[in-house]
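Engineer: Generate coordinates for the sequence data below:
(one chain, ligands or ions: 1)
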Amino acid sequence: MSDDDQELGITESKSHNTGEWYAEVVRKAGLADYGPEGMSGFIVTRPRAYAIWERLQRFLDAKFKDTGVQNAYFPLFIPESYLEREKDIVEGFDPEVAWVTEAGTKELEERLAVRPTSESIITPYISQWVRSHRDLPLRVNQWCSVVRWEATETKPFFRTKEFLWQEGHTAHATAEDAWNETMTRLDQYESVYEDLLAIPVLKGQKPDHDKFPGADTTTTVEALMPDGKSVQAGTSHHLGQSFAEAFDITFADADENERLAHTTSWGLSWRALGALIMTHSDEQGLVLPPSVAPTQVVVVPIWQEDTKDDVLAYAEGVADDLEDAGIRVELDDRDERNPGFKFNEHELNGVPVRVEIGPYEVEDNELTLNHRPDGEEHVIDRDGVAETVRDHLDEVYAKLYTAAEETLDGEVRTANDRAEILGTLGQHGGYVEAPWCGDEACEEPIKEPMAAEIVMVPFEEDDPLVDDTGDDPDDDAGDDPTDDEATCAICGDDAERTAYFAKSY
Ligand SMILES: [Zn+2]
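Structural biologist: Numbering: from 1, shown residues only. Modelled structure (predicted):
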């Protein structure tokens, strides 16, 4: 094995050593480097990863703009007095806030926080901008980075002190409008995962004891990682009126009565990149869905001296056709690398489809396609190449989504008492659904020995435990054995909701 081959090879096992394997893929596929010495917890995002982030940004930003959101930008620093106006926020983030206390040689009169999130600097401005009901709804979003000084081990894109994200902040006239806003953003986050990243997610809300500081309801999309842990993949908060009250967002309604607004905030971070890398990649390296892959197709010509001119001309023609059709294609005609090395390198870098062209392909007016996720090969006609390749890109996306969906379906199990919850989590990981009374104290007996927690509670309308005694004629009362008689898996009191227990990132 040459040094080059070693550099390209992934040595850690995805199933046995997921953490080390992940770190190796991130480094060898050229996605990120660790920050300078003395700055643990910071990473350098390399172009291949940043290109994926830009695609995600474009996808989500277009959805925001289609639904009434405008982008803005607020300062990186927040005066301490601003942060203190929302005491729940200060308490929630206290140990994680980085402070600026001096500038140059002068001590500042007031400490400045490096934003851990921007509610406390954006909301006062929303308060100034909202005067009448005609100013509502008001929606602003910013794409930026925030800093949370956590002292945990760095995991690129999952756990870093500074991370990229977007945070949206809105104000509304009614609670119902604010709730609809919260759900619109959650649905858009679900779409990022399911329609762009090929990752199915579970949608629901955080238990009350784990919601965003000061929020009425925190909603979440959760994604299952291959090591059986759940990732909080995006959150959307219905903030009720607590922020409007603290920052005085009032408006004159149609009858000139002064009313308090209802607000929301919602954020999705580059943790989505971590989930993407971890979900699909394998022991050959990075695997990407074509939707976000910087290069969707690589064309590798395979020649001998006497066939070189013909093969190269044919390969260039194919690459041109693909490019003209809007497919992101790279022609790898490097002289100094052999085809085997090129195959390995593009596999490591996660190019979804490889096109191989040798003298036989030229002769037969064909080309050979190879799907990155499973190595499946297809010989296709040269004619109509762009259309055929596009179908194969769709097929690769579908393969990745289906595989992730099958994994998720198999990793949701039910349990009805504490021993069963602990046993199931210990043996399999994944999600365990159990009836729950709603009391935080009933999370402790799972959290304490297992470091697993309630990551999600399905929305009431999706929760089989919620006794739906409405007038729905399709709802046969008493049909569901859990109705009326379900008891909390921990304390035995009446169960109100189904809780999803899991270990999480
Ligand atoms: Zn209980």
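
Engineer: going forward, measure contacts and count neighbours with C-alpha atoms only.
Structural biologist: Fine.

Engineer: Around the ion, pick out the residues from the stretch 401-505 of the chain.
Structural biologist: Where proximity means C-alpha under 5 Å from the ion, the interface of the stretch 401-505 of the chain facing the ion comprises 437, 442, 488, 491.

Engineer: So how do I select the buried members of those residues in ChimeraX?
Structural biologist: The buried residues among these can be selected in ChimeraX (16 or more other C-alpha atoms under 10 Å) with this line:
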select :437,442,488
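
Engineer: got the residues of the stretch 401-505 of the chain next to the ion as JSON lines, with pLDDT and distance to residue 336 columns?
Structural biologist: What follows is these, written out as JSON lines (pLDDT from 0 to 100; distance: C-alpha to C-alpha, whole Å):
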{"residue": "437", "pLDDT": "95", "distance to residue 336": "66"}
{"residue": "442", "pLDDT": "96", "distance to residue 336": "63"}
{"residue": "488", "pLDDT": "96", "distance to residue 336": "66"}
{"residue": "491", "pLDDT": "95", "distance to residue 336": "68"}
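
Engineer: Quick one: the helices in the stretch 351-500 of the chain, in order.
Structural biologist: Counting by DSSP state H, counting those that start in this stretch, the segments of the stretch 351-500 of the chain that form helices are 359-364, 385-410, 418-428, 444-450.

Engineer: my bad, should have said the stretch 1-150 of the chain
Structural biologist: 3-8, 18-28, 47-66, 80-85, 87-93, 119-129.

Engineer: If we go by neighbour counts, what in the fourth one is buried?
Structural biologist: Along helix 80-85, the positions that meet the burial threshold by neighbour count (16+ other C-alpha under 10 Å) are 80, 82-83.

Engineer: ok, now the last one?
Structural biologist: By neighbour count on 16+ other C-alpha under 10 Å, the buried set for helix 119-129 is 119-124, 126-127.

Engineer: hmm, who's touching stretch 331-346?
Structural biologist: Contacts to stretch 331-346, defined as C-alpha atoms under 8 Å, 6 or more residues apart in numbering, come from residues 5, 8, 284, 298-302, 312, 315-316, 319.

Engineer: Next, the buried residues of that stretch.
Structural biologist: Buried residues in stretch 331-346, counting neighbours by 16+ other C-alpha under 10 Å, are found at 331-333, 339, 342-346.

Engineer: Take the residues you listed and keep only those in helices.
Structural biologist: Judged by DSSP state H, helices contain the following of these: 339, 342-346.

Engineer: near the ion, which of the residues you listed show up?
Structural biologist: Among those, not one lies near the ion by C-alpha under 5 Å from the ion.

Engineer: Can you redo these as JSON lines, where the extra columns are pLDDT?
Structural biologist: Formatted as JSON lines, those follow (pLDDT from 0 to 100):
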{"residue": "339", "pLDDT": "96"}
{"residue": "342", "pLDDT": "97"}
{"residue": "343", "pLDDT": "97"}
{"residue": "344", "pLDDT": "96"}
{"residue": "345", "pLDDT": "97"}
{"residue": "346", "pLDDT": "98"}
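
Engineer: re earlier: which of the buried residues of helix 80-85 lies closest to the ion?
Structural biologist: In terms of C-alpha to the ion, no member of the buried residues of helix 80-85 lies closer to the ion than residue 83, at 35.3 Å.

Engineer: list the contacts for the closest one?
Structural biologist: Taking C-alpha under 8 Å, 6+ apart as the definition of contact, the neighbours of residue 83 are 89-90, 120-121.

Engineer: Tell me the one of those residues nearest residue 422?
Structural biologist: For the contacts of residue 83, the minimum distance to residue 422 (C-alpha to C-alpha) is 32.9 Å, reached by residue 89.

Engineer: which residues does the closest one contact?
Structural biologist: Each residue near residue 89 by C-alpha under 8 Å, 6+ apart is listed here: 83, 213-214.

Engineer: low pLDDT regions in the stretch 1-150 of the chain?
Structural biologist: 1-7 (pLDDT under 70).

Engineer: Any of the contacts of stretch 331-346 buried? List them.
Structural biologist: Buried, going by 16+ other C-alpha under 10 Å: 8, 284, 298-302, 312, 315-316, 319, out of those.

Engineer: that older thread, what about the contacts of stretch 331-346, which are in helices?
Structural biologist: Judged by DSSP H, helices contain the following of the contacts of stretch 331-346: 5, 8, 312, 315-316, 319.

Engineer: Out of the buried residues of helix 119-129, which is nearest to the ion?
Structural biologist: Once C-alpha to the ion is applied, the member of those that ends up nearest the ion is residue 119, at 33.4 Å.

Engineer: Thought residue 167 was touching the closest one, still the case?
Structural biologist: No. If you go by C-alpha atoms under 8 Å, residue 119 and residue 167 don't touch, sitting 9.0 Å apart.
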